[in-house]
Every structure is written in structure tokens, then in C-alpha cells.
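Peer 1: can you look at this prediction? I've put the sequence above it.
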Number of protein chains: 2
Amino acid sequence: MSTEQRTLRADARRNRERIMSAGRELFARDGPEAQMDEIAARAGVGIGTVYRHFPTKEALLTSMVRDRFQEFGEIATLAEETVDAQEALETVMRRSAEAVEGDVGFQLAMMGSEQLEWEGIEEQKAVLAAVVTRIIRRAVDAGALRGDFTFEDFGMVMCGITSTMYYKPGGADWRRHLAIVADGLRPPPER
Amino acid sequence: MSTEQRTLRADARRNRERIMSAGRELFARDGPEAQMDEIAARAGVGIGTVYRHFPTKEALLTSMVRDRFQEFGEIATLAEETVDAQEALETVMRRSAEAVEGDVGFQLAMMGSEQLEWEGIEEQKAVLAAVVTRIIRRAVDAGALRGDFTFEDFGMVMCGITSTMYYKPGGADWRRHLAIVADGLRPPPER
DNA sequence: CAGCATACGGAGCTAATATTCCGTTTGTGA
DNA sequence: TCACAAACGGAATATTAGCTCCGTATGCTG
């Protein structure tokens, strides 16, 4: 809500970048358990410097999560251009999943995006919701998607697919999970 | 592996029960974050007593998780009696999900049953695997289930459904998730 | 290049929790 | 009822991780 980052000193700007970068790496590897000390060390700065830039650990995490959610919006926007609506939807799901592959932190952020109260993410989520909702409507109208499917359902199944990625039950492959779910999203034959 | 619980003193046996019971309650509410102090307090015993019965927190949690996995096996065994194989499978899924509803600790245990190394659970899981595998085979033979479905897939989709229960993305209902997945488990019409 | 506001570093403070230790209490067999 | 091993209670300890504080260093402006 504030853009008061007037003329940051050169070293400060450089360090901020390094901290974000180190944070991304360690958040990807360790999730929210990532430790501030280690982030500082990897960034090559002192802990005090990390706290100068981000008042709390949560602020640092939120800042990274926001970036990532924005990415989801961009993925969806790009996929919307696909002519076939069903294909567009599957592309959003697959690309989003691929985007968090190997990134434990964002897997958890994606699954728990409601539970944890990331602040300042609303805007990014709203964009995603708008685009995906349009794609869904188009696919339903084309008769390629079950008529009762909603954006909330989209979040729900993405959460499930991500859980396969994170927990790897039985070493399972998320692409298989996606395939099964995708089949379940077709309109029921006749009933 | 050891049955050296020869003649536990009466108060000790009573306390052990109380600790398990308090542990179940708090584990259900708080998950693995449940605190030993609080468990002791709720059980009406000192912390030392808890540690006399369970050498570590993990030992206490494992002991409870083992009980619960056994329950899954019993649910499956019961469901196997259902004549219609497809119905039997859906019953296992639904009943298992219901069994962990409102129990945060077991939701996490179920999703992370591979990741976390609960020791001494193998036996319970083997029973579950055997029963469910039989049900799956029967349903496939009846043409009611996609032919490539395996027990690993079962674990995978259960993990997904449980994630809806735990993370509640957009306030989603796990029964809806189950319904969608169940549709995806049907044999593909023609392809 | 001087002066100073900005920024840095990291030792140490604090809070939260699992776990230990040992003096006290109690069930039980003789 | 006695004696004592078994069990208990909970203060104290150990550890971990987020965060603060303040003395020091350094870009930037004039």
C-alpha cells in the first residue's frame, strides 16, 4: 500500500535483491521453515540487514508469495489465448503445477493460500480468478466441461494435485493425478 | 517389537490410557504442533509421567497414528463385503475420509504417511493395501473402474481429497472433490 | 573531500518447547 | 502393616529460531 521507496541507496538496493534471491532459493528448498540466519548468510549480508529490509520473516515470505501468485495470473492470461477452451483450462492447470514443481515453499503457499493469511495477495488472486472464470465459462459453453464447475473447484483440484507434488504418496506423479482429475471434469455421459 | 509390558501398576495403566486419550484429542485439534505440556495437563498427570510412558513426543504420535491406520484397514475390510465393487471402493474412500474429518493430526498423517517416517506402521498399511488392491481388481474386472488404476493411485487421490479437508481452499467441500475424482476413475468412454 | 544520514553486522535477548532429573508419593507382595 | 520398587510431579535445563540494539561503515550531496 506504500510506494515510499524513494531513492534507496545503491548498496541497499543490491542487498535487497540478494536477500530476495536467497530467500527464494531457501524457501523453495525448505518451505516456511527456511531460517532467517541462513537466508542472511546465503545473501552474504548480516541478519540485521535482512530485518532492515523486511520487518518480519512473514513480510519476506509474503513478498515472495505475491510475486509467485502474479506469475499464476500471467500463466492464465497466456493460456486464455488458446482457441480450444478445454485445452486452455488444462494448460493453466499444467503450467501452474509446473511452475511450483520443485518449490516446496510455493507448493505449501498454493495449498494453504486461504488458511495462511498472506496479506496483499488479494489483487493477484483476483486477476487469476477473473481469467480462469472466463476460461471455465467458455469450456462449459462448448460442452467440454461439467456444467457445475466453478473457480472454487479449480482451486480445490489444484490443491489436490499440489498435494501429490508435496507429499508424494507412494512416490506418485502429479501428472497422473492431473490426468485423472481432468477426466473427472468432463461432462457426465448421461445420468 | 517388544511385549515387555509385564504387569503395569494399576495407576500406571490408568495414566497411560489418559495420556493416549488426551493426546488423541489435542493431536486432533492441533496436529503435530500439539504440546506435550498441554497433553500432560489435559491427562491430569505431570510431564514426567508422559515421558515415562512415551520416551519422545514422536513415540506418542506414532502410537496414535498406528491405531488410526489400523482403523483404515478395518474400514476397508468391512467395505469389501459390499457386492458391487465400484460401490465398495467408493465406500472405502468416503468412510476413510469421514474417519479423519475434524482430525487435523490424522489428516496430516494420512497425507504425509510416506514423507514422515512413522515407524511400526508398515503392518497396518500392508493390510490396507491388500484389501484395497483386491477391491480395485474386482472393480476393474467388472468394467467399472479404469483399467490402469492401482493402489498407489488410491493413496494419491486420497491424499488430494484430504488436502481439501485440511486446507479448505475457498471453503471447498471434500465430498465434492471425491465426486469429481470418482468420475475420473470410470473407464474412459472410447478413445 | 567533508559531513552525515543511511545502511550494515552480528552478538545477544527473548520466547517457545521438548526433555531431563531427582525428591516425593503410592501400589503391591509378603 | 511394612518395605520398597515402580511411578509420579514439575522445576530446571537445553535448544532453537525470530528479532532487537547499537556501535561501525559507507554511499551520497554540496
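Peer 2: Alright, I've got the coordinates.

Peer 1: residue ranges of the helices in chain A, please?
Peer 2: Ranges of helices within chain A are A:10-30, A:36-43, A:47-53, A:57-79, A:85-100, A:104-111, A:122-141, A:151-167, A:174-184, based on DSSP state H.

Peer 1: separation between the residue in chain A positioned nearest to DNA strand C and residue A:63?
Peer 2: At 1.9 Å from DNA strand C, residue A:48 is the closest residue in chain A, using C-beta to the nearest atom of the strand. Using the backbone N, CA and C atoms, a C-beta is placed for each residue, glycine as well. Distance, residue A:48 to residue A:63, by C-beta to C-beta, to the nearest Å: 18 Å.

Peer 1: who has more neighbours out of those two?
Peer 2: residue A:63 (17 against 8; other C-beta atoms under 10 Å in any protein chain shown).

Peer 1: quick one: residues contacting that one.
Peer 2: Applying C-beta atoms under 8 Å, 6 or more residues apart in numbering or on different chains, one finds that residue A:63 lies in contact with A:20, A:54.

Peer 1: with residue A:61 instead?
Peer 2: So residue A:61 contacts A:23, A:27, A:32, A:105, A:109, A:118 (C-beta under 8 Å, 6+ apart).

Peer 1: quick one, which of the residues you listed are buried?
Peer 2: Buried by 16 or more other C-beta atoms under 10 Å in any protein chain shown: A:23, A:27, A:105, A:109, A:118, out of the contacts of residue A:61.

Peer 1: put together TSV for those, with distance to residue B:181 on each row.
Peer 2: Converted to TSV, these look like this (distance: C-beta to C-beta, whole Å):
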residue	distance to residue B:181
A:23	35
A:27	30
A:105	26
A:109	23
A:118	28
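
Peer 1: residue A:149: which of those residues is nearest?
Peer 2: Ranked by distance to residue A:149 (C-beta to C-beta), those are led by residue A:109 at 23.9 Å.

Peer 1: quick one: the closest residue to that closest one other than its chain neighbours from residue B:46, how far?
Peer 2: Spatial nearest neighbour of residue A:109, excluding adjacent residues (C-beta to C-beta, 6 or more residues apart in numbering or on different chains): residue A:65 at 4.8 Å. Going from residue A:65 to residue B:46 by C-beta to C-beta gives 42 Å.

Peer 1: run through the residues of chain A sitting next to DNA strand C.
Peer 2: A:8-9, A:11-12, A:15, A:44-49, A:51-53 (C-beta under 7 Å from any atom of the strand).

Peer 1: tabulate these in TSV, adding columns for pLDDT.
Peer 2: Listed next are the residues of chain A next to DNA strand C as TSV, based on pLDDT from 0 to 100:
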residue	pLDDT
A:8	91
A:9	94
A:11	97
A:12	97
A:15	98
A:44	98
A:45	98
A:46	98
A:47	98
A:48	98
A:49	98
A:51	98
A:52	97
A:53	98
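
Peer 1: tell me, which of those make contact with chain B?
Peer 2: The overlap between those and the neighbours of chain B (C-beta under 8 Å from any C-beta of the partner chain) is empty.

Peer 1: how about the residues of chain A by DNA strand D?
Peer 2: Near DNA strand D, when you scan chain A using C-beta under 7 Å from any atom of the strand, you find A:7, A:9-11, A:33-37, A:47-48, A:51, A:55-58.

Peer 1: mind picking the two most distant members of those residues?
Peer 2: Greatest spatial distance in those: A:7 and A:33, 35.4 Å, computed using C-beta to C-beta.

Peer 1: between these two, which has more neighbouring residues?
Peer 2: Higher neighbour count among residue A:7 and residue A:33: residue A:33, with 11 against 7, using other C-beta under 10 Å.

Peer 1: for that one, give me the pLDDT.
Peer 2: Listed pLDDT for residue A:33 reads 96.

Peer 1: can you count the residues close to the residue nearest to residue A:52 when sequence neighbours are not counted?
Peer 2: Using C-beta to C-beta, 6+ apart and skipping the chain neighbours, the partner closest in space to residue A:52 is residue A:12 (7.9 Å). Neighbours of residue A:12 under the rule other C-beta under 10 Å: 14.

Peer 1: check the one 4 residues further on too.
Peer 2: Residue A:16 has 20 neighbouring residues, counting by other C-beta under 10 Å.

Peer 1: CA atoms only: put stretch A:78-96 into PDB for me.
Peer 2: C-alpha atoms of stretch A:78-96 as PDB (Å, rounded to 0.1, in the frame of the first residue of the first chain):
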ATOM      1  CA  LEU A  78      -1.300 -16.500 -21.700                       C
ATOM      2  CA  ALA A  79      -3.300 -19.700 -21.800                       C
ATOM      3  CA  GLU A  80      -6.600 -17.900 -22.400                       C
ATOM      4  CA  GLU A  81      -5.400 -17.200 -25.900                       C
ATOM      5  CA  THR A  82      -5.700 -20.900 -26.700                       C
ATOM      6  CA  VAL A  83      -8.700 -21.400 -29.000                       C
ATOM      7  CA  ASP A  84      -9.900 -24.700 -27.500                       C
ATOM      8  CA  ALA A  85     -11.300 -23.800 -24.100                       C
ATOM      9  CA  GLN A  86     -10.900 -27.200 -22.600                       C
ATOM     10  CA  GLU A  87      -7.300 -27.200 -23.700                       C
ATOM     11  CA  ALA A  88      -6.800 -23.700 -22.300                       C
ATOM     12  CA  LEU A  89      -8.000 -24.900 -18.900                       C
ATOM     13  CA  GLU A  90      -5.800 -27.900 -18.900                       C
ATOM     14  CA  THR A  91      -2.900 -25.700 -19.900                       C
ATOM     15  CA  VAL A  92      -3.500 -23.400 -17.000                       C
ATOM     16  CA  MET A  93      -3.500 -26.300 -14.600                       C
ATOM     17  CA  ARG A  94      -0.500 -28.000 -16.000                       C
ATOM     18  CA  ARG A  95       1.600 -24.800 -16.400                       C
ATOM     19  CA  SER A  96       0.700 -23.700 -12.800                       C
END
